[in-house]
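Asker: Take this sequence and fold it.
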Amino acid sequence: MKKQSLRTFPAKTGKVRDLFELDSKRLLVVASDRISAYDSILPTLIPQKGVILTQISRYWFNLTSTICPNHVIDSTDQQFIWHHDDYPDLKDRLMVVKRAEKLPIEAIVRGYICGSAWKEYQQFGTISGIKLQPGLKEASKLPRPIFSPSTKADTGHDENITFEEMVEIVGQTAAAEVREASLKLYDFAAQKALQAGIIIADSKFEFGYIDGKLCVIDELFTPDSSRFWPADLYREGQSQHSFDKQYVRDYLDSIAWQRTPPAPALPAHVVDETLTKYHEMLNRLQIRI
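Answerer: Now for the predicted structure:
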């Protein structure tokens with residue numbers, strides 16, 4: 001096998017992932033150690049975060065492939081030994097994937113009421129325009145999971161939208177397929193995670209079409225895309241302990257950042273605690289790096 005630098009391929013830098021165009025049908029996705037919050041990239045890296053996210057996504061992509069197809073071809077490419085000067089541990093943070101016709105929305109499923117959904121409920125009694133029963137508390141388990149889409153912004157903030165607004169963006173057929181796939185994925189993962197002592201409070205998905213078939217893409221049930229709570233510490237009516245980047249959001253809220261760029265740097269103790277939480281997810285799911 002020959003060694004080939006990724007710097008020779010056209011690349012696109014996202015908030016967290018770098019995409020390299022291998023050919024007309026394949027991309028190589030490299031998960032960086034960058035972290036974003038409130039739609040801004042923070043200047044501080046979380047060491048090994050990209051490795052952890054790749055391994056967790058690989059775990060869930062493998063488990064859910066019969067529920068919804070995904071874009072993964074292989075976690076490595078056996079044709080080459082890839083290298084990139086910025087990533088000495090490149091092989092642990094890359095996946096070779098099929099190109100997809102990406103849908104310009106994020107699909108969110110909420111099993112518990114928290115975050116922006118809790119704020120909407122307090123104000124209007126709804127989530128994504130869906131009327132809910134009165135008397136729910138922060139972190140209450142919903143009677144059934146709710147599909148709650150949002151816009152997908154390359155810059156600026158994503159915005160929650162109703163299903164009807166999603167239909168206007170992607171069409172009735174795609175919207176219905178995405179809703180069905182999202183609910184099935186969440187249902188399966190929520191039950192699987194609970195066996196490991198983890199509550200998946202909510203999760204967001206990205207989808208695209210590959211050869212006319214809907215596929216889940218990007219990442220899957222990672223601490224960046226989902227809220228994970230330890231089941232043994234769950235208490236309705238309050239903010240929850242978590243294994244995800246909510247800890248970073250809470251820190252940014254505590255210093256009264258106005259959620260507009262430039263984002264502030266993270267102190268060492270926030271970096272260390274965030275990494276500890278990500279590792280706890282690996283341990284509970286028994287994923288070995």
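
Asker: Tell me, domain by domain, which residues of this protein belong where.
Answerer: 2-100, 102-252 (automatic domain parsing).

Asker: End to end on the last one, go ahead and measure it.
Answerer: Counting by Cα to Cα, to the nearest Å, the length from the leading to the trailing residue of domain 102-252 is 31 Å.

Asker: so how far is it off the chain centroid?
Answerer: Here domain 102-252 is found 10 Å from its chain centre; the criterion is Cα atoms, centre = their mean, to the nearest Å.

Asker: do stretch 51-67 as well
Answerer: That offset, for stretch 51-67, works out to 12 Å (Cα atoms, centre = their mean).

Asker: quick one: buried residues of it?
Answerer: For stretch 51-67, a neighbour-count test (16 or more other Cβ atoms under 10 Å) marks 51, 52, 53, 54, 55, 56, 57, 58, 59, 60, 61, 64 as buried. In short, each C-beta sits where N, CA and C put it, glycine included.

Asker: And the contacts of it?
Answerer: 16, 31, 70, 72, 75, 89, 92-95, 181, 184-185, 188-189, 192, 216, 219-224, 278-279, 281-282, 285, 287, 289 (Cβ atoms under 8 Å, 6 or more residues apart in numbering).

Asker: Next: stretch 229-239.
Answerer: 112, 114, 137-141, 194, 197-199, 201, 240-243, 250.

Asker: so where's the chain shaky on pLDDT?
Answerer: Counting by pLDDT under 70, the chain contains low-confidence residues at 1-3, 10, 74-81, 153-157.

Asker: Would you map the helices across it?
Answerer: Here the chain has its helices, by DSSP state H, at 49-64, 115-124, 163-170, 172-194, 246-254, 268-285.

Asker: would you list those in CSV and tack on distance to residue 107?
Answerer: Shown next, in CSV, are those (distance: least, Cβ to Cβ, whole Å):
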stretch, distance to residue 107
helix 49-64, 14
helix 115-124, 14
helix 163-170, 9
helix 172-194, 4
helix 246-254, 20
helix 268-285, 21
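
Asker: Quickly compare the ones you listed and say which is most buried.
Answerer: Compared across these, helix 49-64 shows the largest average neighbour count, a mean of 21 (mean count of other Cβ atoms under 10 Å).

Asker: Helix 172-194 and that helix, what's the angle between them?
Answerer: Relative orientation of helix 49-64 versus helix 172-194 (axes from the mean of the first three to the mean of the last three Cα atoms, to 10 degrees): 100 degrees.

Asker: Next, the angle helix 268-285 makes with helix 49-64.
Answerer: Using the same axes, to 10 degrees: helix 49-64 against helix 268-285 is 20 degrees.

Asker: wait, doesn't residue 45 sit right on residue 86?
Answerer: No. Contact criterion Cβ atoms under 8 Å: residue 45 and residue 86 do not qualify, at 10.8 Å.

Asker: quick revisit: I'd like to know which of the domains of the chain is closest to residue 272.
Answerer: domain 2-100 (9.4 Å; Cβ to Cβ).

Asker: just how off-centre is the closest one within its chain?
Answerer: 14 Å.

Asker: about what we covered before: mark which of the contacts of stretch 229-239 are buried, thanks.
Answerer: For the contacts of stretch 229-239, a burial check counting by 16+ other Cβ under 10 Å picks out 112, 114, 138, 139, 140, 198, 199, 201, 240, 242, 243.

Asker: Contacts only, for the residue lying closest to residue 202 once chain neighbours are set aside.
Answerer: Leaving aside its chain neighbours, residue 202 sits nearest to residue 110 (4.3 Å; criterion: Cβ to Cβ, 6 or more residues apart in numbering). Neighbour list for residue 110: 117, 127, 142, 145, 146, 148, 201, 202 [criterion: Cβ under 8 Å, 6+ apart].

Asker: try 6 Å this time
Answerer: Taking Cβ atoms under 6 Å, 6 or more residues apart in numbering, we find residue 110 in contact with 117, 146, 148, 202.

Asker: Could you report the distance from the third one to residue 270?
Answerer: Yep, that's residue 148 we're talking about. As judged by Cβ to Cβ, to the nearest Å, residue 148 and residue 270 stand 28 Å apart.

Asker: Could you do residue 43 as well?
Answerer: 13 Å.

Asker: Kindly report the same for residue 35.
Answerer: From residue 35 to residue 270 the distance is 10 Å (Cβ to Cβ).

Asker: Could you let me know which of the contacts of residue 110 ends up closest to residue 228?
Answerer: If you rank the contacts of residue 110 by distance to residue 228 using Cβ to Cβ, residue 202 comes first, at 9.8 Å.
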